[in-house]
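Asker: Build the 3D model from these lines:
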Amino acid sequence: MSAELLATSWTTTGPNQTTDGVTRSTLDIRDRARAAAQAGFAGIGFTLEDLEAGLDVISWPDLKRLCDDLGFAYTEVELITDWWTSGDRRQRSDVHRNKLLDAATVLGARQIKIAGEVVKDAVSMPPQTMDLPAWAGELNHLAAQAQDAGTRVALEVLPMSNIADFTEAARLIEAADHACAGLTVDIWHLERGPSTLEDLAGVPGEKVFCVELNDAHREQVGTLLQDTMRNRQLCGEGDFDVRGFISTLQGIGFDGPWGVEIISDVHHSRPLAESLPDVVRTALKQF
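Answerer: Numbers count the residues shown, from 1 in each chain. Below you'll find the predicted structure:
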C-alpha cells in the first residue's frame with residue numbers, strides 16, 4: 001500500500017536560526033519546496049516566520065504558483081497560539097492570526113495548525129486546566145474565520161501544553177461545534193502524553209484533520225520541548241508503534257495525506273537532497 005505524504009514545515013527547515021526569540025530556517029524557501037517535491041512529497045507546510053522571511057526572495061502568490069508547478073496537492077501553515085486569551089497576548093496573537101489567514105487564502109492551505117497553552121520548560125505534563133465553554137467559543141470563532149478564508153484549523157494536542165489528552169481535545173472540538181475545527185494528531189505527542197491508541201480509536205475520524213508521523217526512543221531526554229525539537233527519529237528507527245498508529249487512524253476513517261514531521265539535530269544537519277528521500281522511504285515503509 002502506498003500513501004500521500006506531506007512534509008511538515010519542520011521537516012524541510014534544515015539548519016535553523018533563532019533571533020529575538022523567533023526561529024527561522026536558514027534555507028531558501030524555494031529550495032525547500034523543490035527538495036520536498038523531488039523526494040516525492042505530495043504536499044508541504046510552512047510556518048509564518050519562514051513565509052515572512054521568504055518574502056525576500058518570493059511573494060506568496062508566486063510561492064503558490066511554484067507549489068502548483070511542483071505538483072503539490074496540499075499545503076498547510078502554522079502556528080496560532082493565544083487564540084483563547086485576552087489583553088496584550090491576544091493582540092499579538094490576532095496579528096499573527098490575520099497573517100496566517102491571509103497566507104492560507106493565498107496558498108490555498110488545507111489547514112492552519114493551532115495549539116493550546118505551552119509550558120516550555122515542562123519535563124512532564126503540566127496541569128490540564130481549560131475553561132471548556134470559553135475555549136469552545138473562541139475556537140468556534142476562529143474556525144469561522146478560517147472557513148471564510150477557505151481553510152480550517154487543526155488543534156495540535158501537545159504533552160507540554162494544557163491540552164495533552166486526546167479524549168479531552170475531542171471534547172473541546174465537539175463543544176466548539178464547527179465543521180472547520182478539528183485535530184492535529186502527532187504520534188510523538190500521543191506517545192509522550194497520557195493517551196493511548198485505544199483512546200485515539202475513540203476520536204471521531206472526521207475530526208482528525210492532520211496527522212504527523214515520526215519516531216523516537218522510549219526514553220525522554222531533557223524537557224518535553226527539548227526532546228521533541230532535537231531527538232525525533234525516522235519512522236521505524238525508534239520505539240514508537242508507528243504501524244499501529246497508522247492502522248488505528250485508518251480504522252477511524254483517516255486516509256491522508258499523512259504528514260511526516262522529523263525534527264532532530266541529526267536530520268537538520270544533513271542536506272535536504274540526502275535527508276528528505278530517507279524521510280519518504282522510511283515513512284512509506286510503515287504502510
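Asker: alpha carbons only for contacts and neighbour counts from here, please
Answerer: OK.
Asker: residue contacts, the most centrally placed residue in the chain?
Answerer: By Cα atoms, centre = their mean, the chain has its centre lying nearest to K113, at 5.8 Å. By Cα atoms under 8 Å, 6 or more residues apart in numbering, the contact list for K113 reads 76-80, 153-156, 184.
Asker: Of those, which is the nearest to W135?
Answerer: L155 (11.9 Å; Cα to Cα).
Asker: now that closest one, what's its secondary structure?
Answerer: Under the three-state scheme (DSSP: H, G, I helix; E, B strand; the rest coil), L155 adopts strand.
Asker: returning to that earlier point: dump the contacts of K113 to a markdown table, plus pLDDT and distance to A42.
Answerer: Shown next, in a markdown table, are the contacts of K113 (pLDDT from 0 to 100; distance: Cα to Cα, whole Å):
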| residue | pLDDT | distance to A42 |
| --- | --- | --- |
| E76 | 98 | 12 |
| V77 | 98 | 15 |
| E78 | 97 | 18 |
| L79 | 97 | 21 |
| I80 | 98 | 24 |
| V153 | 98 | 20 |
| A154 | 98 | 19 |
| L155 | 98 | 22 |
| E156 | 98 | 21 |
| T184 | 98 | 18 |
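Asker: By neighbours, which of those residues wins?
Answerer: Highest neighbour count within the contacts of K113: V153, with 32 neighbours (other Cα atoms under 10 Å).
Asker: Check the spacing between the closest residue to that one other than its chain neighbours and P159 real quick.
Answerer: Nearest non-adjacent residue to V153, counting by Cα to Cα, 6 or more residues apart in numbering: I112, 4.8 Å away. Distance check for I112 against P159: by Cα to Cα, to the nearest Å, it reads 20 Å.
Asker: what's the answer for S124, then?
Answerer: Taking Cα to Cα, one finds S124 at 8 Å from P159.
Asker: again with T105
Answerer: According to Cα to Cα, T105 and P159 sit 30 Å apart.
Asker: same thing with F41?
Answerer: F41 is 28 Å from P159, by Cα to Cα.
Asker: swap in Q233?
Answerer: 18 Å.
Asker: the more surrounded of those two?
Answerer: Neighbour count, other Cα under 10 Å: between Q233 and P159, P159 has more, with 27 against 22.
Asker: which element is the closest residue to L132 other than its chain neighbours on?
Answerer: Once flanking residues are discounted, L132 sits nearest to L172: 6.4 Å by Cα to Cα, 6+ apart. Taking DSSP states H and E as the criterion, L172 maps to helix 166-176.
Asker: so how far is that helix off the chain centroid?
Answerer: Computed by Cα atoms, centre = their mean, to the nearest Å, the chain-centroid distance of helix 166-176 equals 18 Å.
Asker: can you check stretch 261-277 too?
Answerer: Relative to its parent chain, stretch 261-277 has a centroid offset of 17 Å by Cα atoms, centre = their mean.
Asker: Same check on stretch 259-272?
Answerer: That offset, for stretch 259-272, works out to 15 Å (Cα atoms, centre = their mean).
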